[in-house]
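> Task: produce atomic coordinates for the following.
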Amino acid sequence: MHIRYGFDIEMQFSQPTTLITVLDVHPSRRGDIVREQDLSALSNHPTQAHIDSFGNLCRRIHVEDGFLHLHCDGIIRDSGEPDKAVQRARILPIMALPKETLIYLQGSRYCETDLLADFAWKQFGEITDGWQRVQAVTDFVHSHLSFGYEHASATRSALQAFEQKVGVCRDFAHLAVALCRCLNIPARYCNGYLGDIGVPADPAAMDFSAWFQAYLGGEWYSFDPRHNQRRIGRVLIGCGRDAADIPMISSFGRHSLSKFEIVTELVAEEQEAASA
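Below you'll find the predicted structure:
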């Protein structure tokens, strides 16, 4: 199965400005790319690529002339299988966890583990099986929060989402991440493409999506409290402790966003044959 992905973003600046983007497909999926018109600054702005401390592909772009057009169009190969589910995956003792996972047990900017720990253990502490505990957290967040784009807030934390009972996909992910960490399960925030593949089409404009991964039995598994189902065609862009680690565009200067369009769609069979 092939999936077309990409974006078209235009930004205006009042002065020379440098940005850092986390918009490229994650290095773990780049081997699946069939073709890609590289993320490009169409005005030929100086650009440097690097891998950050969380393993994400980032770009540093300097804009002198006040206008930036970012564009990407690609096709990626996908198994067509839903997110992997392993019911027997267990919680590993902290002493057995790989050292690189330990940072995902700690509180972070949007995930206040210290303030949610009592609730987490009262609500989920009696569930001892690892997969079932993470799924119980996912179920709870899915039912506890009401989704709506009108609820979007760049500063809402996991605790605030818990108390306000509203949010967008990043809030669902933050609350689930925080609760899992409270329960000694490493959890990391993820974002990327998630098209309407294998599900009814959503009439809302396409957007990037957020979910989380939990570390169970020696492997990272994706969970999606916003949709609460194993989805097909999830394409990872970035992962980190929370959204503060992987803002898709960090602008070190004032700017305005004039265009923001995302595409994620299943490639028709005739297009697949042509690209083979």
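
> Spatially central residue in this protein, please.
Closest residue to the average C-alpha location of the chain: residue 191 at 1.2 Å, with C-alpha atoms, centre = their mean.

> how much space between it and residue 25?
For residue 191, the distance to residue 25 (C-beta to C-beta, to the nearest Å) stands at 12 Å. Every residue, glycine included, has its C-beta placed from N, CA and C.

> quick one on the thing from earlier: now the residue nearest to the centre of the chain, what's its secondary structure?
Of the three states, residue 191 takes strand under DSSP: H, G, I helix; E, B strand; the rest coil.

> Please name the residues that touch the closest residue to it other than its chain neighbours.
Distances taken as C-beta to C-beta, 6 or more residues apart in numbering put residue 210 closest to residue 191, at 4.7 Å, once the chain neighbours are dropped. Residues near residue 210 by C-beta atoms under 8 Å, 6 or more residues apart in numbering: 168-170, 172-173, 189-191, 226, 243.

> What distance do you get for the residue lying farthest from the centre of the chain to residue 44?
For the chain, the largest distance from the centre (C-alpha atoms, centre = their mean) belongs to residue 65, which lies 31.1 Å off. Computed as C-beta to C-beta, the residue 65 to residue 44 distance reads 10 Å.

> try residue 233
33 Å.

> Of these two, which one has the most company?
residue 233 (25 against 8; other C-beta atoms under 10 Å).

> pretty sure the more buried one contacts residue 192?
No - look at residue 233 against residue 192 with C-beta atoms under 8 Å: they stay out of range, at 10.2 Å.

> any idea where the strands of the protein begin and end?
In the chain, the segments counted as strands under DSSP state E are 2-13, 17-21, 33-41, 47-51, 57-63, 67-77, 146-147, 166-167, 187-194, 209-216, 219-223, 234-240, 249-251, 255-266.

> Serialize those to a markdown table and add fields for mean pLDDT and distance to residue 133.
As requested, the strands of the chain are arranged in a markdown table below (pLDDT from 0 to 100; distance: least, C-beta to C-beta, whole Å):
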| stretch | mean pLDDT | distance to residue 133 |
| --- | --- | --- |
| strand 2-13 | 96 | 31 |
| strand 17-21 | 95 | 35 |
| strand 33-41 | 81 | 35 |
| strand 47-51 | 94 | 32 |
| strand 57-63 | 95 | 32 |
| strand 67-77 | 94 | 32 |
| strand 146-147 | 96 | 23 |
| strand 166-167 | 98 | 22 |
| strand 187-194 | 98 | 11 |
| strand 209-216 | 98 | 9 |
| strand 219-223 | 98 | 11 |
| strand 234-240 | 98 | 21 |
| strand 249-251 | 95 | 34 |
| strand 255-266 | 94 | 31 |
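
> Switch those over to JSON lines; also include distance to residue 180.
What follows is these, written out as JSON lines (distance: least, C-beta to C-beta, whole Å):
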{"stretch": "strand 2-13", "distance to residue 180": "28"}
{"stretch": "strand 17-21", "distance to residue 180": "28"}
{"stretch": "strand 33-41", "distance to residue 180": "30"}
{"stretch": "strand 47-51", "distance to residue 180": "26"}
{"stretch": "strand 57-63", "distance to residue 180": "26"}
{"stretch": "strand 67-77", "distance to residue 180": "28"}
{"stretch": "strand 146-147", "distance to residue 180": "20"}
{"stretch": "strand 166-167", "distance to residue 180": "17"}
{"stretch": "strand 187-194", "distance to residue 180": "4"}
{"stretch": "strand 209-216", "distance to residue 180": "5"}
{"stretch": "strand 219-223", "distance to residue 180": "9"}
{"stretch": "strand 234-240", "distance to residue 180": "14"}
{"stretch": "strand 249-251", "distance to residue 180": "26"}
{"stretch": "strand 255-266", "distance to residue 180": "26"}
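
> Provide a list of residues in contact with residue 225.
Here residue 225 is in contact with 137-138, 141-142, 145, 172-173, 175-176, 211-212 (C-beta under 8 Å, 6+ apart).

> Closest one of the residues you listed to residue 107?
residue 175 (13.1 Å; C-beta to C-beta).

> Number of residues surrounding that closest one?
Look at residue 175: counted by other C-beta under 10 Å, it has 28 neighbours.
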